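Undergrad: how would this look folded up:
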Amino acid sequence: MVQETISISGTVESVSGNVLVVKDETGRAYTVRVQSMDKQSVRLAGGQFLRSPAKIVVTGSYVVDDLKAGQNIQFQCRLNRLGRTTGEVAEISLVTGNDDANGIRVLEVGNKASAHSTCEIVAELSRVTNGRLVVKIPANNGFTRKSTLSIPTAKDATVGFISDDFGRAGAGAKVTKLVAVRLDTGDIVAKTLEIEISNKTTARASVDDALLTKYRHLSDEPHKPRLIRSQHYAFMTDISERQARIILDKLETMVGILSQYFGQAPNGIVEGFIVRDLAGWPDGLLTEPAGIAKIQGEAGICFNSSLGNRHRAVLYSCDDHGVIQHECTHGFCHLAFGSTGPTWLAEGLAEMGQYWKFDKRAVDINPRVIAYLQGHQPKRKLREIAVPGRVDPGTWQDYAWRWALCHLLANNPNYADRFKPLAIALMKKQKGASFEVVYGLTAQQLAFEYELFLDQLDNGYRADLCAWQWNRKFSPLAGKRRTQVKVSALLGWQATGVQLDTGASYDLAAVGNWKIAKDGGEYDADGDKIGRGQLVAVIYNNFKLSDPFPIGKLKSFVSPNHGQLFLRCQDDWNRLADNAGELMVHIRRTPSAQ
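TA: Sure thing, here's the model as predicted:
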């Protein structure tokens, strides 16, 4: 239920998934949830989904020298069929992968063959030199045989940008208008959002945006079934040329990530079929009934087979990129190791493969998977997930639990060094290899961190930054003994080494400053007006945690129970990665209480 409508203006502090943090002129920060234009709903803090479309306008203003090679631009000029121009270009627009394909559209035809026509051109920028734009256009543009044009620019030429993707706004971008509603859940949800960006406040394009831009010169029209190939893949498909190159690019990136991680390349290629529309395929080309059934259900399957040391992987899939990546992960594992291992590992790795992006360690998955994992009760236990051998793959919910376990094991440094050799041993079917043998001695620690992972999970979450610090030795503070510990804004709960005694009083003093956003302001241990950036504490005892409590710059407290003291910077768990700085925290027993 809507409690109130609010209007905010200020600057962007951070953007993560569907969450925008805006700081107003008083320094107060607002966490706003925004339904992107390509989504059907927005996820609230409690895991619920709300249909609340927002009107989003992101505009940018740049100078010509801000342009970079590889960007696609749109402009109008006077051009003849020899590729020569007259006049100067004064207005240029940056375009994204979703805009019209590169080419030339004639707006006003010249009165004779050699005359200049008024043309709208969308082209890839090669360079800016001597007051000219050197651009590349498709060879089959229908107007000129030239594929490279040199376009003079006016001295006061401007470059504009307009988008409905608020993810293009970086820290410091100006929020000129934000109308939002505050719900009874405490969430703030945007209804109207207008942002102005500059060269310094433009966020880097996402992987998908970058690929759309890279291949936007190719046709996006569906194609008759034909063969497409790359180094590790060969498919018959009816998808467009643009989508074909994008998916092959993604798959080759995934092969690189997997090969580097496992230290093993696949022995062979993944073959098969990617189908957009079954009705357009000739009879007899698709021969596997089970594969056809998967495609009809908008799913996929990878048929793996072996003959001695020779392995084969054949894909049958719909044209969904995530499905293709999932199934091709199965293909990689089979071709590299001879099998995909037990079901929990095979499907967990394949789900990771679906979401893997180059040089990205943060969680980036379907929000509905996150909502399910956090909302489902009771949580599945580790032994219920890591079932030995091959079992029925089950539903997407079963896949979600396997993804959670594999992501944690692969990314948390407390367990990652054992996960890779375990996975390889299981896929090679080595005798004696099992989840229980490898992780049995640390089962309680793993179960504890697994529960924390599920509780803290969100897109942007880094398991490596939130790993529990088990190796720190703890001891009580006796007499006048004091200690000091560094606490980083970048990490989750950090061990102090101080063992607390029930009923004893302790004094803490924190010195220094830290940041909770890449380009945000610095805070001391008291944080901002709503507690972000505040130094907070928790007490650990026998795999249980107390409720967190504030510390700030100076704090005395009586320990309610026996346990180990942990500290951290108060910030959303999925936004630690852009934090910086550390505090020095001094700890002692209160003198009068000794």
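Undergrad: so for stretch 124-133, mean pLDDT?
TA: The average pLDDT for stretch 124-133 rounds to 93.
Undergrad: do the same with stretch 137-145
TA: 90.
Undergrad: and stretch 245-254, by the same measure?
TA: 96.
Undergrad: got the buried residues for that stretch?
TA: 245-251, 253-254 (16 or more other CB atoms under 10 Å). The C-beta positions use only the backbone N, C-alpha and C, and glycine is treated the same way.
Undergrad: with stretch 425-442 instead?
TA: 425-427, 433-435, 438-439.
Undergrad: among the residues you listed, name the ones in helices.
TA: Of the buried residues of stretch 425-442, the ones assigned to helices by DSSP state H are 425-427, 435, 438-439.
Undergrad: mind listing the strands for the stretch 201-350 of the chain?
TA: In the stretch 201-350 of the chain, the segments counted as strands under DSSP state E, counting those that start in this stretch are 226-229, 233-237, 270-275, 300-307, 310-318.
Undergrad: ranking those strands by burial, who's on top?
TA: strand 270-275 (a mean of 24; mean count of other CB atoms under 10 Å).
Undergrad: the most centrally placed residue in the chain and Lys473, how far apart?
TA: Of all residues in the chain, the one closest to the mean position by CA atoms, centre = their mean is Asp364, 3.8 Å from it. Counting by CB to CB, to the nearest Å, the separation of Asp364 from Lys473 is 36 Å.
Undergrad: what do you get for Gly322?
TA: 45 Å.
Undergrad: hang on, the earlier thing: return the member of the ones in helices among the buried residues of stretch 425-442 nearest to Pro225.
TA: Taking CB to CB as the measure, Pro225 lies nearest Met427 of those, at 32.5 Å.
Undergrad: how about the nearest residue to that closest one, chain neighbours excluded?
TA: Leaving aside its sequence neighbours, Met427 sits nearest to Phe337 (CB to CB, 6 or more residues apart in numbering; 3.7 Å).
Undergrad: ok, how many other residues are close to that neighbour?
TA: 21 (other CB atoms under 10 Å).
Undergrad: hang on, isn't it packed against Lys428?
TA: Yes. Counting by CB atoms under 8 Å, Lys428 is a contact partner of Phe337 at 5.2 Å.
Undergrad: and the closest residue to Ala203 other than its chain neighbours, what does it touch?
TA: Closest residue to Ala203 apart from its sequence neighbours, by CB to CB, 6+ apart: Gly170 at 4.0 Å. Gly170 sits next to 12, 15, 197, 200-204, 519 when contact means CB atoms under 8 Å, 6 or more residues apart in numbering.
Undergrad: Thr31 now?
TA: By CB under 8 Å, 6+ apart, the residues touching Thr31 are 19-21, 188, 572.
Undergrad: quick one, longest helix in the protein?
TA: helix 241-262.
Undergrad: what's that helix in contact with?
TA: With CB under 8 Å, 6+ apart, helix 241-262 has contacts from 211-212, 214-216, 218-220, 223, 228-233, 237, 239, 265-266, 270, 274, 319, 321, 324-325, 328-329, 332, 336-337, 353, 356-358, 420, 423-424.
Undergrad: how far out from the middle of the chain is that helix?
TA: 16 Å (CA atoms, centre = their mean, to the nearest Å).
Undergrad: what sits closest to Arg368 if chain neighbours are left out?
TA: Once flanking residues are discounted, Arg368 sits nearest to Phe49: 7.4 Å by CB to CB, 6+ apart.
Undergrad: show me the contacts for Ala171.
TA: Ala171 touches 11-14, 201, 517-520, counting by CB under 8 Å, 6+ apart.
Undergrad: for the chain, just list every one of the helices.
TA: Secondary structure of the chain, counting by DSSP H: helices at 207-214, 241-262, 289-296, 321-337, 343-355, 367-375, 382-385, 396-411, 416-427, 435-439, 443-456.
Undergrad: helices or strands up against the last one?
TA: Contacting helix 443-456 under the criterion 3 or more CB pairs under 8 Å, 6 or more residues apart in numbering; DSSP states H and E are the following elements: helix 367-375, helix 382-385, helix 396-411.
Undergrad: how about the shortest one?
TA: Using 3+ CB pairs under 8 Å, 6+ apart as the contact test, the elements touching helix 382-385 are helix 396-411, helix 443-456.
Undergrad: out of those, flag the one nearest Thr59.
TA: Of all the helices and strands packed on helix 382-385, it is helix 443-456 that lies closest to Thr59, at 35.4 Å by CB to CB.
Undergrad: near Gly512, how many other residues are there?
TA: Neighbours around Gly512, by other CB under 10 Å: 17.
Undergrad: typo on my end, it should be Asn130
TA: 8.
Undergrad: any idea how far it is from Ile151?
TA: 12 Å.
Undergrad: repeat for Lys357
TA: Lys357 is 35 Å from Ile151, by CB to CB.
Undergrad: on that earlier part again, what's the most buried one of the helices and strands packed on helix 443-456?
TA: helix 396-411 (a mean of 21).
Undergrad: who does that one touch, helix- and strand-wise?
TA: helix 343-355, helix 367-375, helix 382-385, helix 416-427, helix 443-456.
Undergrad: which of the ones you listed sits closest to Gly300?
TA: Short answer: helix 343-355, nearest of the helices and strands packed on helix 396-411 by CB to CB, at 10.3 Å.
Undergrad: what's the angle from that closest one to helix 321-337?
TA: Taking axes from the mean of the first three to the mean of the last three CA atoms, to 10 degrees, one finds helix 343-355 and helix 321-337 inclined to each other by 120 degrees.
Undergrad: for helix 343-355, buried residues please.
TA: Neighbour-count burial for helix 343-355 [16+ other CB under 10 Å]: 343-355.
Undergrad: which one of those residues is nearest to Asp464?
TA: Met352 (14.5 Å).
Undergrad: please name the nearest non-neighbouring residue to Asp156.
TA: Distances taken as CB to CB, 6+ apart place Ala90 nearest to Asp156, at 6.9 Å, with adjacent residues excluded.
Undergrad: so what's that neighbour up against?
TA: Ala90 neighbours (CB under 8 Å, 6+ apart): 153-154, 156-158.
Undergrad: now with 7 Å?
TA: Counting by CB atoms under 7 Å, 6 or more residues apart in numbering, Ala90 touches 154, 156-157.
Undergrad: ditto for Ala180
TA: Residues in contact with Ala180 (CB under 7 Å, 6+ apart) are 6, 8, 32, 188-191.
Undergrad: name the member of those residues with the most neighbours.
TA: Ranked by neighbour count (other CB under 10 Å), those have Ala190 at the top, with 24 neighbours.
Undergrad: just confirm it contacts Val34, I think it does.
TA: Yes. Under the criterion of CB atoms under 7 Å, Ala190 makes contact with Val34 at 4.5 Å.
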